[in-house]
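Colleague: this one's structure only:
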């Protein structure tokens, strides 16, 4: 039985908790802009060919053999060419099922901490002495925090995440581990710590998914094994739907429908549905990022995640910035690119929605450019790919740090 049926959640609201709703409603926004109704953007889709060529070159440069891994948090754990997870998993000898649980524990907290870090923050890794910024810095910092047992309530079992430890985690603890302070500001430190405490509460609430005493994200391995076809295959949409239901209450969203928090979503006038959900555009960026990041841990347990194109591209500033920087989306002259735009503003919602749909259109172009078939999926496109290409063009156009072409005022929990 789903959470929506348990709580009497209205079907139209429950429908927002799925990738199909993301794609369907982003398409409404796309049509609105394509019809010339937007005061924020205009489209030049002929430029998609230019984007495809740029991304294909970036992909071949990074992966000459075209053996492209999935876009996930796991790539960031290898920042600086250091295989941190591989070294840890070889050092900690456990059963493959427990290794899968450990991996899901780690990646869950790391993904939830992986919203924009801001332009100024850096994390210096003690073991290597290397300084990392942005997503890589957040990944390495969260990895180090995991390794010292900061997410575990049992000193004898440091390599796990549990509800009791998360309940005690506050902004000062997070700031200390992430080396954040006045001279090294990290956006949204309060929001991030609140998000992790809310995760702890969500784990405690759902013993059927996360176990009890302790409740751990890693126990999702056992749940997915119990519902997978032949105990070994599960659809990507099922993985995402489970995450969205299980973690529905953790998102600090200002959007509420019938007293229910919608999560990572915004409002846009293009979405006309004739019900209480009119105007709502869901994105579920971090939840989809987590769904992509569970593919490899579940594989450790012998579970294959199928139908990956059920998920969408991640509507964040590297993918969306690529499309702006290469001219597929052009901000209208009335748009002030000198000020930060609120993450829930109509402009940013529109930018994110366009990113979802245009990445879908880019996928077949990349398959053709690279001579690949349908086995080349969205997470391969993102990894190969659009995220790296977005960073590359940003660094070229706006050195030295390559910030977003559209500044966004975020709280560290969404964008």
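Modeller: Okay, I see it. Model, not experiment: these values are computed from the prediction. Residues are numbered from 1 along each chain as shown.

Colleague: Which of the helices or strands spans the nearest residue to residue 42 once chain neighbours are set aside?
Modeller: Once flanking residues are discounted, residue 42 sits nearest to residue 330: 5.2 Å by C-beta to C-beta, 6 or more residues apart in numbering. Every C-beta, even on glycine, is put in place using the N, C-alpha and C of the backbone. With elements taken from DSSP states H and E, the one containing residue 330 is strand 329-331.

Colleague: If you count neighbours, what's buried in that strand?
Modeller: Neighbour counts over strand 329-331 (16 or more other C-beta atoms under 10 Å) mark 329, 331 as buried.

Colleague: list the helices and strands the helix or strand following that strand packs on?
Modeller: Moving toward the C-terminus from strand 329-331, the next helix or strand (DSSP H and E) is strand 341-342. Using 3 or more C-beta pairs under 8 Å, 6 or more residues apart in numbering; DSSP states H and E, the elements in contact with strand 341-342 are helix 346-370, strand 408-409.

Colleague: Among those, which comes closest to residue 173?
Modeller: strand 408-409 (25.4 Å; C-beta to C-beta).

Colleague: Give me the sheet partners of that closest one and which way each runs.
Modeller: Using DSSP bridges, strand 408-409 pairs in its sheet with strand 341-342 (parallel).

Colleague: Pull the residues that contact the partner strand.
Modeller: By C-beta atoms under 8 Å, 6 or more residues apart in numbering, the residues outside strand 341-342 that reach it are 347-348, 406-409.

Colleague: roughly how far apart are the residue nearest to residue 113 when sequence neighbours are not counted and residue 75?
Modeller: Of all residues not flanking residue 113 in the chain, residue 142 sits nearest, at 5.1 Å (C-beta to C-beta, 6+ apart). In this view, residue 142 and residue 75 are 14 Å apart by C-beta to C-beta, to the nearest Å.

Colleague: just residue 320 next, same as before
Modeller: 19 Å.

Colleague: more neighbours, residue 142 and residue 75?
Modeller: residue 142 (27 against 17; other C-beta atoms under 10 Å).

Colleague: Please look at that one and residue 105 and confirm they touch.
Modeller: No - counting by C-beta atoms under 8 Å, residue 142 stays clear of residue 105, with 11.2 Å between them.

Colleague: still on that earlier bit, between the helices and strands packed on strand 341-342, which has the poorest mean confidence score?
Modeller: Mean pLDDT is lowest for strand 408-409 out of these, coming in at a mean of 89.

Colleague: all strands for the stretch 101-250 of the chain, in order.
Modeller: 122-124, 131-133, 233-235 (DSSP state E, counting those that start in this stretch).

Colleague: deepest of these, which one?
Modeller: strand 122-124 (a mean of 18; mean count of other C-beta atoms under 10 Å).

Colleague: Paired strands for that strand, with orientation please.
Modeller: strand 131-133 (antiparallel).

Colleague: mind listing what the residue nearest to residue 113 touches?
Modeller: Counted by C-beta under 8 Å, 6+ apart, residue 142 has contacts 106, 109-110, 113-114.

Colleague: and if you look at residue 18?
Modeller: Taking C-beta under 8 Å, 6+ apart as the test, what residue 18 contacts is 237, 240-241, 244.

Colleague: Looking at those, which is nearest residue 172?
Modeller: residue 244 (30.4 Å).

Colleague: Just give the number of residues close to the closest one.
Modeller: 24.

Colleague: Surely it and residue 263 touch.
Modeller: Yes - contact criterion C-beta under 8 Å: residue 244 and residue 263 qualify, at 7.1 Å.

Colleague: ok, residue 326 touching residue 47?
Modeller: Yes - between residue 326 and residue 47 there is a contact under C-beta under 8 Å: 6.0 Å.

Colleague: neighbour-wise, which of those two wins?
Modeller: Higher neighbour count among residue 326 and residue 47: residue 326, with 21 against 16, using other C-beta under 10 Å.

Colleague: so what's the closest residue in space to residue 407 that isn't next to it in sequence up against?
Modeller: Excluding the flanking residues, the one nearest residue 407 by C-beta to C-beta, 6+ apart is residue 340, at 4.3 Å. Residues near residue 340 by C-beta under 8 Å, 6+ apart: 407-409.

Colleague: Relative to residue 16, how far out is the residue of the chain most remote from its centre?
Modeller: Distance from the centre of the chain peaks at residue 156, with 31.1 Å (C-alpha atoms, centre = their mean). Separation of residue 156 from residue 16 (C-beta to C-beta): 42 Å.

Colleague: Next: residue 160.
Modeller: 32 Å.

Colleague: next helix or strand past the lowest-mean-pLDDT helix or strand in the chain?
Modeller: Ranked by mean pLDDT, DSSP states H and E, the helix or strand of the chain with the weakest confidence is helix 3-7, at a mean of 42. Counting by DSSP H and E, the element after helix 3-7 in chain order, helix or strand, is helix 11-14.

Colleague: List the buried residues for that next one?
Modeller: Neighbour count says helix 11-14 has 12-14 buried, by 16+ other C-beta under 10 Å.

Colleague: how about JSON lines for these, with distance to residue 358 added?
Modeller: Below are the buried residues of helix 11-14 laid out as JSON lines (distance: C-beta to C-beta, whole Å):
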{"residue": "12", "distance to residue 358": "27"}
{"residue": "13", "distance to residue 358": "27"}
{"residue": "14", "distance to residue 358": "28"}
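
Colleague: most packed of the helices and strands packed on strand 341-342?
Modeller: Per stretch, and counting mean count of other C-beta under 10 Å, the top mean among the helices and strands packed on strand 341-342 goes to helix 346-370, which has a mean of 22.
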